[in-house]
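Novice: Sharing a model that was predicted from the sequence below.
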Amino acid sequence: MIGMGASAQQKGAVGAEVFSLRDMQEIVLTGHPVIKQAGLLSKAAQAKVLQSLGNFDPELMASFGRKIFGGTEYYNHWDSQLKVPLWLAGADLNVGYDRNVGVYNNPETRTSNTGLSGIGLNIPLGQGLLIDSRRSTLRQAKIMVGYAEAEQIAQINSVWISSLKDYWNWYFAFEQQRFTSEGVSLAEKRFLALKAQVLIGDKPPIDSVEASITLQDRRVQLQESNVKLNNARLLLSNNLWSASGIPQELPAQAIPESDVNTQGVMDGFRLDSLVREAARQHPEVLKLKNQQAQLVVEEQYRREMLKPKLNIKGSFLAGRRDFSYVADNYDFRLANYKVGIDLSFPLFLREQRGKLREVRIKQAEVTYGLQQTGREIQTEVFSAFNEYKGYQAQLEMQTRNVGSQMALVRGELQKFDLGESNLFLINSRETKLIEMQVKRAEIISSLRKAMAEIYYRAGKRLEF
């Protein structure tokens, strides 16, 4: 069972407690599985960033090989290297130590018994200088964190609007059952009173028959409203979970909020500012903007791929493997180095030009999608606001109608006591009043759902 909020008040039947919107907000936003699942989106995006940072991890490599045959050492190879990727210019810092000795070693790689140490850089002067694969992947991964956060907001808003609609459907079912139950109580009292009057001869028997029919008809309606209330209670319970993930049931004694003053909830509401904020902060807009930013990085990378590959690599060398004394001619100095240049360039660049064209087509698609989404969001917010204003006007008229119908019922009862009316008219007036009260409760339910819908269409959630 869920616990009621501290602000819950006794109301109606003994033991009844108000399950407020604030209570539901606390339970839904802390325990609902979909909301917890949405919280994983940002963590997954951060995990992608961590994976991308792995491309900049220093890498230690080493290999050893030795061959001895017939008492002759053919070769004895030891190669080791520490590679440190750098952000600047896409360069790599290389620190290595090689020792290649033996009778049949390649003279190019042969070293003395002390080996050869080196420290140098590998710098791309063409393709990869401004941006390369690893920098592109990391930038896009960081952008996707924003995309995941926008998707998280969208999922939370979706769960919350569904919960609010279930709450106000429960409110309507509860009010319908309450008015119908009151109608049954009135019909029972009237039937018992008429039955007693018929027995003493003050009223004709036909009046008790009509009172009995009215009573039975209202009992049937009460049974229908009880079923609807139980189903609405079950649907609302679908949104209720404990913080530990255990499904919760709405207590049988729980009743919805009775305060129908919607003006307080909408205090400070400004449609124009809400629309402007939606144009900037709506989750769907943010997702498209993040896609745009991601494609900008991808376009930069694809333009970079149109350049020729021109890599220069060089190292300063020394015949040392520790910090002991080494002659100047064999220590690190400008005269001891190893340098190389690699150049390659596809003549037609059809693959890279095709990929760049594909990226630009995606950019155009996202731009058009952003324009259309912005227009749709604005239209949906205005449409939801129009519905809200319509229900607001209906509620004002229906409240006046209910008051007028109550006056008619009271007047008809006074006339009946004076013998100037009949049971049929009283039942008709009373039945109409119940229908109008139920209709008013339905309008209130629709009005509160329309209020929540305005915020949902603007990419926000109505909080309490």
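Specialist: Good, I have the coordinates. Numbering: from 1, shown residues only.
Novice: For the helix or strand containing Ile444, buried residues please.
Specialist: Using DSSP states H and E, the secondary-structure element containing Ile444 is helix 423-457. Along helix 423-457, the positions that meet the burial threshold by neighbour count (16 or more other C-beta atoms under 10 Å) are 423, 426-427, 429-431, 433-434, 436-438, 440-457. (Each C-beta comes from the backbone N, C-alpha and C, glycine too.)
Novice: what helices or strands is that helix leaning on?
Specialist: Judged by 3 or more C-beta pairs under 8 Å, 6 or more residues apart in numbering; DSSP states H and E, helix 423-457 is in contact with helix 133-200, helix 205-237, helix 271-281, helix 350-417.
Novice: Now Met305, what are its backbone angles?
Specialist: The phi and psi torsions at Met305 (degrees, to the nearest 10) take the values phi -70, psi -10.
Novice: Not including adjacent chain positions, what is the nearest residue to it?
Specialist: Here the nearest residue to Met305 in space, its sequence neighbours aside, is Gln352; by C-beta to C-beta, 6 or more residues apart in numbering that works out to 4.4 Å.
Novice: Burial check on Arg410, number of neighbours?
Specialist: Residues within reach of Arg410, counting by other C-beta atoms under 10 Å, total 11.
Novice: and Arg410, how far is that from Lys83?
Specialist: Applying C-beta to C-beta, to the nearest Å, the value for Arg410 to Lys83 is 93 Å.
Novice: do the same with Leu425
Specialist: In this structure, Leu425 and Lys83 are separated by 97 Å, where distance is defined by C-beta to C-beta.
Novice: And for Val359?
Specialist: Between Val359 and Lys83 the distance, using C-beta to C-beta, works out to 30 Å.
Novice: same thing with Ile68?
Specialist: Using C-beta to C-beta, one obtains 31 Å as the distance from Ile68 to Lys83.
Novice: which of those two has more neighbours?
Specialist: Lys83 (15 against 11).
Novice: for this protein, longest strand please?
Specialist: Once the chain is assigned using DSSP state E, the strand that runs over the most residues is strand 72-85.
Novice: Show me what that one packs onto, helices and strands only.
Specialist: Secondary structure elements in contact with strand 72-85, counted by 3+ C-beta pairs under 8 Å, 6+ apart, are strand 59-69, strand 92-101.
Novice: strand partners of the last one, parallel vs antiparallel please.
Specialist: Strand 92-101 sits in its sheet next to strand 72-85 (antiparallel), strand 116-124 (antiparallel), going by DSSP bridges.
Novice: The first one now?
Specialist: For strand 59-69, the paired strands and their directions (DSSP bridges) are strand 72-85 (antiparallel).
Novice: what distance separates the host helix or strand of Leu53 from the middle of the whole chain?
Specialist: Taking DSSP H and E as the definition, Leu53 sits inside helix 33-53. Taking the mean of its C-alpha atoms, helix 33-53 sits 12 Å from the chain's own mean (C-alpha atoms, centre = their mean, to the nearest Å).
Novice: between it and helix 133-200, how many degrees?
Specialist: Relative orientation of helix 33-53 and helix 133-200, computed by axes from the mean of the first three to the mean of the last three C-alpha atoms, to 10 degrees: 180 degrees.
Novice: helices or strands up against helix 33-53?
Specialist: Counting by 3+ C-beta pairs under 8 Å, 6+ apart, the packing neighbours recorded for helix 33-53 are helix 133-200.
Novice: Report the rounded mean pLDDT for the helix it packs on.
Specialist: Taken as a whole, helix 133-200 has a mean pLDDT of 92.
Novice: With stretch 256-267 instead?
Specialist: 66.
Novice: ok, now stretch 62-74?
Specialist: On average, the pLDDT along stretch 62-74 is 92.
Novice: give the contact list for the residue nearest to Leu21 when sequence neighbours are not counted.
Specialist: Sequence neighbours aside, Phe464 is the residue nearest to Leu21 in space, at 4.4 Å (criterion: C-beta to C-beta, 6+ apart). When contacts are counted by C-beta atoms under 8 Å, 6 or more residues apart in numbering, Phe464 is found next to Ser20, Leu21, Arg22, Gln25, Val265.
Novice: can you do 7 Å?
Specialist: Counting by C-beta atoms under 7 Å, 6 or more residues apart in numbering, Phe464 makes contact with Leu21, Arg22, Gln25.
Novice: Buried residues, the helix or strand that contains the second one. List them.
Specialist: Mapping Arg22 onto the secondary structure by DSSP H and E places it in helix 21-31. Residues of helix 21-31 classed as buried by neighbour count (16+ other C-beta under 10 Å): Leu21, Asp23, Met24, Gln25, Glu26, Ile27, Val28, Gly31.
Novice: Generate CSV for those residues, with pLDDT and distance to Thr367 as supplementary columns.
Specialist: Listed next are the buried residues of helix 21-31 as CSV, based on pLDDT from 0 to 100; distance: C-beta to C-beta, whole Å:
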residue, pLDDT, distance to Thr367
Leu21, 91, 40
Asp23, 92, 44
Met24, 93, 40
Gln25, 93, 37
Glu26, 93, 41
Ile27, 93, 41
Val28, 94, 36
Gly31, 91, 40
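Novice: Put together CSV for these, with distance to Val198 on each row.
Specialist: As requested, these are arranged in CSV below (distance: C-beta to C-beta, whole Å):
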residue, distance to Val198
Leu21, 49
Asp23, 50
Met24, 50
Gln25, 55
Glu26, 56
Ile27, 53
Val28, 55
Gly31, 58
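Novice: ok, the residue lying closest to Tyr301 once chain neighbours are set aside - contacts?
Specialist: Nearest residue to Tyr301 in three dimensions, chain neighbours excluded: Ser136, at 4.0 Å (C-beta to C-beta, 6+ apart). Under the criterion of C-beta under 7 Å, 6+ apart, the contact partners of Ser136 comprise Val297, Glu298, Tyr301.
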